[in-house]
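In: no FASTA, just this:
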């Protein structure tokens, strides 16, 4: 009987550790270096990704506008390396009691060179309820974190 109790206790502790370790959301941003982008309204090309639903594109557009950019949507396949300032993205969703953003990757290019990068990954989200936050809020946080000098005072968290 003591052996069974010890075994169950060990299994319970291991399960708790696995849940605690396995329930994490990844939010990593390499922000644009200070002074790299001029102050004031700046034009930026947002390259459409036809594999991602339009609402994601619209959320990025709104967030960029909040950061003081004048957004021009350009079609997928545009040679963005020739554009002074361009942004690309990819994203996908999955289901776990509700549909949620599983992965997003945003890259910022200046004259064809990557100058900023943001990744959101909920693959190991497990029981973490933060994964169910609205996509628009997650996108806004990623974009605002990319441009710390231009972000509005209160970016949604």
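Out: Received, thanks. Not measured: the values here are computed from a predicted model.
In: only C-alpha atoms for contact and neighbour calcs from this point on.
Out: OK.
In: Point out where this structure drops to low pLDDT.
Out: 1-2, 4-27, 93-101, 123-135, 153-157 (pLDDT under 70).
In: now do 80
Out: Counting by pLDDT under 80, the ranges of the chain that qualify are 1-29, 34-40, 80-81, 93-102, 121-136, 150-157.
In: where along it do the helices fall?
Out: Assigned helices in the chain, in chain order: 2-22, 54-66, 135-146 (criterion: DSSP state H).
In: Please report the distance of the closest residue to residue 31 other than its chain neighbours from residue 59.
Out: Taking C-alpha to C-alpha, 6 or more residues apart in numbering, and ignoring the residues beside it in sequence, residue 31 has residue 146 as its nearest neighbour in space, at 4.2 Å. Distance check for residue 146 against residue 59: by C-alpha to C-alpha, to the nearest Å, it reads 15 Å.
In: With neighbour numbers in mind, choose between those two.
Out: Taking neighbours as other C-alpha atoms under 10 Å, residue 146 and residue 59 compare with residue 146 leading, 25 against 18.
In: who are the neighbours in contact with that one?
Out: Applying C-alpha atoms under 8 Å, 6 or more residues apart in numbering, we find residue 146 in contact with 29-32, 116-118.
In: if you set the cut-off to 7 Å instead, what comes out?
Out: 29-32, 116, 118 (C-alpha atoms under 7 Å, 6 or more residues apart in numbering).
In: CSV please, covering the residues you listed and showing distance to residue 140 and neighbour count.
Out: Output for those, formatted as CSV (distance: C-alpha to C-alpha, whole Å; neighbours: other C-alpha atoms under 10 Å):
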residue, distance to residue 140, neighbour count
29, 13, 21
30, 15, 15
31, 14, 19
32, 15, 19
116, 15, 20
118, 11, 21
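In: tell me the two of the residues you listed that are most distant?
Out: The widest separation within the contacts of residue 146, taken as C-alpha to C-alpha, falls between 32 and 118 and amounts to 10.3 Å.
In: can you give me the strands in the chain?
Out: Using DSSP state E, the strands assigned to the chain run over residues 26-30, 42-47, 69-74, 85-95, 99-110, 113-121.
In: CSV please, covering those and showing distance to residue 141.
Out: Listed next are the strands of the chain as CSV, based on distance: least, C-alpha to C-alpha, whole Å:
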stretch, distance to residue 141
strand 26-30, 9
strand 42-47, 17
strand 69-74, 16
strand 85-95, 15
strand 99-110, 12
strand 113-121, 10
